[in-house]
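Enquirer: Output the structure for:
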Amino acid sequence: MGGVTTWTHQMARLFAERGHRPHIIGIVPAAPELRADLGELPYPTETLYTEHPPKAGPARGVKGRLNLAERRRRAAKEAGMRGAADRLSARFATARPGGIVICTQVWAMEWVTLADTAGMPVIGMSHESFTACRASSRFGRVQRYYADVDRLLALTREDADLWIRAGRDNADFMPNPLPVMPDVPSARTEKVVASIGRLSDEKGVDLLLDTWALVAPRHPDWLLRIYGSGEDEELLLKQREALGLERSVEFMGRTDDVPEALRGAAVFAQSSRAEGFPLSLMEAMAAAVPCVAFDCAPGVHEIVGDGEDGLLAQPGNINELAAHLETLLTDQELRDRLGTAARENVQRYSTDRITRRWEDLFAFLER
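Expert: Predicted structure coming up:
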C-alpha cells in the first residue's frame, strides 16, 4: 500500500539516522517495482508470509458453519496466523528490553494482538481520517484490536478527538513528516496544473477531469498534467476523450522525481474523495506551488490554510473547485503569495520536528 509503505520507510530511515535500530516486519512482500524503488535499506526487513495469506470469512448461520470447504479455509488461515504470530513473538523477544512496536496498518494488528508483546509499548496507527475509517470495516477492527494498545495514533488532533468520543481514550495524534524540501522551488511561471496520486476511485481523478472540463475552454493555453498509475487508468483515458480534453490533459504515468514534476507547475490540484494526511499536498507546498483541493478530511485543512496558503472546496463540489482553479490561473500575484506562504508554513512538518515528537512519545511510554 503505497502511501503507508513510503511513510514506513521514511520514518525507518529517520530513526536509523538518529541512532535507533528500526526493523520492518511486513505481512506480505511489497510489489517488486516498489521494492526496487526503495533501493538499499540501512535496516533489516522481513515478512510473515511469502504470499498473501488465505482468505476466509466468518461462519454465518448453519450453512456457514457446515460448509466444509469454508471450514478448511478458516482452519488454514487460523493455523497460518498462529504460526506467523509465534515468529513475531520470537522477533519481539530479541528487541527486549527497550523495544517498541509500531503497527502502521489496522489490518496488521491482528497478528500483533496474537503475539507476545509483554514488556513492550505498542503503538497502533490509523493512516486515514476517522470519518473514512468509520465508513469501512476497519472501524470495527480498530475497536477490537486497538482497545489495549498504549497509544492509538491518528493523523490530526481533530481525528484523535473523534476517536476519544468513540470510546478510544488511548487516542493521540502524530502528523506525517514532510517527504522532501526541495532546494529549488517552482517559479510558478509554467502554465501547468499538476496532480499527483494513484489513479483510483478514492483519489477522485474523474472529478478532476470533470472540473477541468469547466476550466479548460476559458484557458486553452493551460495544461493539466496528471502523474500516477492505477486500476482506473483506462476509464480515465476514455473519460478524457469523452470530455474532449485530449489536448489539455496529459497523463504522465508514475514519476520517481516529484520535486521535478512540481517545479514545472504553477498550481497543484487534489480532488480526492477521501484522504488521511496527504503527502502530495505537503510536497506541492514545499515546492512553493499553491494548492486547490477538496476539503475531504481533517488532514487536508490541517495542512492547507484556506485563503492563507491554498484554496479549499467542499468535497465533491466541482464548480467550487473549478472557481478556485480559475482564480489562481488568472492571478499571478495571488499564486506567488500563496505559494510563498505554503513553502514557509509546511516546514512545521519538517522531519526533524516530527522525529523529535516521536522520540518524546517513546520516552513517555518507556517511563
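Enquirer: check contacts around the residue nearest to Val192 when sequence neighbours are not counted.
Expert: Distances taken as C-beta to C-beta, 6 or more residues apart in numbering put Ala265 closest to Val192, at 4.6 Å, once the chain neighbours are dropped. In this view, the C-beta of every residue, glycine as well, is placed from N, C-alpha and C. With contacts defined as C-beta atoms under 8 Å, 6 or more residues apart in numbering, the neighbours of Ala265 are Ser186, Arg188, Glu190, Val192, Val193, Ala194, Arg225, Ala284, Ala287, Val289.
Enquirer: How many neighbouring residues does the third one have?
Expert: Using other C-beta atoms under 10 Å, Glu190 has 16 neighbouring residues.
Enquirer: same check, this time on Lys238
Expert: Lys238 is flanked by 10 other residues according to other C-beta under 10 Å.
Enquirer: And it, how far from Val215?
Expert: Separation of Lys238 from Val215 (C-beta to C-beta, to the nearest Å): 20 Å.
Enquirer: Checking my notes, the residue nearest to Val192 in a helix, right?
Expert: No: using DSSP: H, G, I helix; E, B strand; the rest coil, the secondary structure at Ala265 is coil, not a helix.
Enquirer: how far away is it from Val184?
Expert: As defined by C-beta to C-beta, Ala265 lies at a distance of 13 Å from Val184.
Enquirer: Next: Met252.
Expert: From Met252 over to Val184 the distance is 20 Å, taken as C-beta to C-beta.
Enquirer: who has more neighbours, those two?
Expert: Shown here are Met252 and Val184; by other C-beta under 10 Å, Met252 has more neighbours (14 against 10).
Enquirer: Need the residues that contact the strand or helix carrying the more buried one.
Expert: Using DSSP states H and E, Met252 sits within strand 249-253. Under the contact criterion C-beta under 8 Å, 6+ apart, strand 249-253 has outside partners 209, 212, 216, 223-229, 233, 236-237, 240, 261.
Enquirer: ok, these vs Leu162, which is closest?
Expert: Nearest to Leu162 out of the contacts of strand 249-253 is Gly228 (C-beta to C-beta; 29.2 Å).
Enquirer: Identify the spatial nearest neighbour of Ala108, chain neighbours not counted.
Expert: The shortest distance from Ala108 to any residue that is not its chain neighbour, by C-beta to C-beta, 6+ apart, is 5.5 Å, and that residue is Ile27.
Enquirer: Ramachandran coordinates for the one you found?
Expert: For Ile27, the backbone dihedrals (degrees, to the nearest 10) come out as phi -80, psi -50.
Enquirer: what residues are up against it?
Expert: When contacts are counted by C-beta under 8 Å, 6+ apart, Ile27 is found next to Thr47, Leu48, Tyr49, Pro53, Gln105, Trp107, Ala108, Trp111.
Enquirer: how much space between the second one and Val142?
Expert: So the one you mean is Leu48. Computed with C-beta to C-beta, the distance linking Leu48 and Val142 is 21 Å.
Enquirer: Check the third one too.
Expert: Distance, Tyr49 to Val142, by C-beta to C-beta: 23 Å.
Enquirer: higher neighbour count, those two?
Expert: Shown here are Tyr49 and Val142; by other C-beta under 10 Å, Val142 has more neighbours (23 against 16).
Enquirer: hang on, the more buried one packs against Leu152?
Expert: Yes: in this structure Val142 lies within contact range of Leu152 using C-beta atoms under 8 Å: 7.1 Å.
Enquirer: Just give the closest residue to Arg343, not the sequence neighbours.
Expert: Distance criterion C-beta to C-beta, 6+ apart; nearest residue to Arg343, sequence neighbours excluded, is Ala288 at 4.1 Å.
Enquirer: pretty sure Leu152 contacts Asn170?
Expert: Yes: in this structure, Leu152 sits in contact with Asn170. The criterion is C-beta under 8 Å, and the distance is 5.2 Å.
Enquirer: Overlap of the contact sets of these two?
Expert: Tyr146.
Enquirer: I'd guess Tyr43 is in a strand, am I close?
Expert: No: under the criterion used here (three-state DSSP), Tyr43 is coil, not part of a strand.
Enquirer: what about it, how many residues close to it?
Expert: For Tyr43, the tally of surrounding residues (other C-beta under 10 Å) stands at 14.
Enquirer: Walk me through the domains of the protein.
Expert: Using automatic domain parsing, the domain ranges for the chain come out as 2-175+350-366, 192-349.
Enquirer: got the buried residues for the lengthiest helix in the chain?
Expert: With DSSP state H setting the assignment, residue counts place helix 68-93 as the longest helix in the chain. Taking 16 or more other C-beta atoms under 10 Å as the basis for neighbour counts, the residues of helix 68-93 that come out buried are Glu70, Arg74, Met81, Ala84, Ala85, Leu88, Arg91, Phe92.
Enquirer: Ok, stretch 5-18 next?
Expert: So for stretch 5-18, counting by 16+ other C-beta under 10 Å, buried means Thr5, Thr6, Trp7, Thr8, His9, Gln10, Met11, Ala12, Arg13, Leu14, Phe15.
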